[in-house]
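[1] Sequence and predicted structure below; questions after.
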Amino acid sequence: MRVDRAVDPFGGRSGLIEAFRAGSERALARAISIVEDQSAGFEALLDELRSGVGSARRIGITGPPGAGKSTLAARLARRLRNAGHRVGIIAVDPTSPFTGGALLGDRIRMAELAVEPGIFMRSMASRGSAGGLATAATEAADLMDTFGFDRVILETLGVGQSELEIAAAADSTVVVLVPESGDGIQAMKAGLMEVADLFCVNKADRPGAARLVKEIEVMKAIRAGYALRGVPRHHARLTSPGERSGWAVEAGGGSDDVEHPGDPIASPSVWDVPVLETVATEGRGVAELMAKLDDHFLSLTATGELQARRERALLDQTVRILIRGAETRALAAWERTKDEFLEDLLTGRVSPYAVVRQLSTQE
Ligand SMILES: Nc1nc2c(ncn2[C@@H]2O[C@H](COP(=O)(O)OP(=O)(O)O)[C@@H](O)[C@H]2O)c(=O)[nH]1
Ligand SMILES: [Mg+2]
């Protein structure tokens, strides 16, 4: 899929890069499309447009479909914008083709944002390409970051593995739940408890919000109890790979607590995951959300956890790029040669293993 100069308003790759660096949002949009489509040379383009990556704070917003993530993201974006930030939003829907309801809904709801200077919105859907959505979404976030957006919001459906991977690429992850249909339990099942740095009980204008807040607090306490079992007292920090909120569990608390020298008192490493009530449609609770996100970022910075998270995310990304490349090459090799093998394979003369062996030696 080469970019035809005749239809390419940027005059090829160097023109695109120049326009991107000069701050053209059309160039940014084009670069994201190239990445999303995995057009020829997309990785080289990303490589060239990496300078300054890591300046933006990345905020993941996840939760079940219909919880109000898009509405909340739009409100948060506007508030951040009013505070002087430049905001990029990536709305990821792994299942929806462009005709799909959710994505279409996002597009319409967020359309007004698109014309607001300083806010850039982009929907992404999986097109069945190699490498998965998490990688592409991270790459789109990287582009927004290097372009100069200092806040990047990633909205994902919190229902599958790749969404959790996207959440893991964020500095702060907001889990949005609604006071309906056992959302609390669902969150537990989907592994959302582990990734949450903040909870929003959205649609707090409906009955049951206070109860859901209590449920989440109980689940937090249960998690904290498990996490602390077998851990010496006064170890305020717990670090375990893949347990993002596990590190932030408060230790001690008994009446016989004694301060030991060097023990952190009200240590910034203790991040107590807040549970906020929001009404996204009215913007209620969004100011608190923004304030808590700031607090969380301060806590991340103070504890060194920001660096640790970003290092983890970078390693994850590198591995995913590696796997994507291997997958792309393997599938191309298969497409080139499968006709040779097809009959033997289907009639059982050769096994799939023998075919793969031969393909790998040909590469
Ligand atoms: N009553 C009420 N409805 C809301 C609230 N937030 C969002 N909605 C509505 O819930 C529906 C789904 O919202 P959307 O943002 O698309 O959810 P998403 O699928 O999580 O992105 C829309 O009709 C919203 O207008 C809220 O706080 N209260
Ligand atoms: Mg949405």
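    Good, I have the coordinates. Ligands and ions are numbered 1, 2, ... in the order given.

[2] make it CA atoms for all contacts and neighbour counts henceforth
    Will do.

[3] and residue 357, how many neighbours?
    11 (other Cα atoms under 10 Å).

[4] Also residue 286?
    22.

[5] which ones are touching the closest residue to residue 293 other than its chain neighbours?
    Distances taken as Cα to Cα, 6 or more residues apart in numbering place residue 172 nearest to residue 293, at 7.2 Å, with adjacent residues excluded. Contacts for residue 172 (Cα atoms under 8 Å, 6 or more residues apart in numbering) come out as 58, 59, 60, 196, 197, 198, 293, 296, 297.

[6] out of those residues, which are inside strands?
    Mapping these onto strands (DSSP state E) picks out 58, 59, 60, 198.

[7] mind giving me JSON lines with those and columns for distance to ligand 1 and pLDDT?
    Listed next are the ones in strands among the contacts of residue 172 as JSON lines, based on distance: Cα to the nearest ligand atom, whole Å; pLDDT from 0 to 100:
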{"residue": "58", "distance to ligand 1": "18", "pLDDT": "97"}
{"residue": "59", "distance to ligand 1": "15", "pLDDT": "97"}
{"residue": "60", "distance to ligand 1": "13", "pLDDT": "95"}
{"residue": "198", "distance to ligand 1": "16", "pLDDT": "96"}
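
[8] How many residues are close by the closest residue to ligand 1 within the stretch 251-363 of the chain?
    Proximity of the stretch 251-363 of the chain to ligand 1 (Cα to the nearest ligand atom) peaks at residue 279, 3.2 Å away. Applying other Cα under 10 Å, we find 19 residues neighbouring residue 279.

[9] Which positions in this structure make contact with ligand 1?
    Applying Cα under 6 Å from any ligand atom, one finds that the chain approaches ligand 1 through 65-71, 106, 202-205, 279-281.

[10] Quick check: which of the residues you listed has the minimum pLDDT.
    Least confident by pLDDT among the residues of the chain next to ligand 1: that is residue 106, with 55.

[11] Mind giving me the PyMOL command for buried ones among the residues of the chain next to ligand 1?
    A single PyMOL command is used to select the members of those judged buried by 16 or more other Cα atoms under 10 Å:
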select buried, resi 65+67+68+69+70+71+106+202+203+204+279+280
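
[12] Wait, residue 135 touches residue 322, no?
    No - at 10.9 Å, residue 135 does not count as touching residue 322 under the criterion of Cα atoms under 8 Å.

[13] Between these two, which is the more surrounded one?
    residue 135 (24 against 12).

[14] Relative to residue 321, how far out is residue 40?
    In this structure, residue 40 and residue 321 are 15 Å apart, going by Cα to Cα, to the nearest Å.

[15] Neighbour count: the two, which is higher?
    Neighbour count, other Cα under 10 Å: between residue 40 and residue 321, residue 321 has more, with 16 against 13.

[16] Is the more buried one in a helix, a strand, or coil?
    Secondary structure, DSSP: H, G, I helix; E, B strand; the rest coil: residue 321 is helix.

[17] I'd like to know how far it sits from residue 314.
    10 Å.

[18] Same question for residue 170.
    Distance from residue 170 to residue 314, counting by Cα to Cα: 11 Å.

[19] Mind checking which of those two has more residues around it?
    Applying other Cα under 10 Å to residue 170 and residue 314 shows that residue 170 carries more neighbours, namely 23 against 14.
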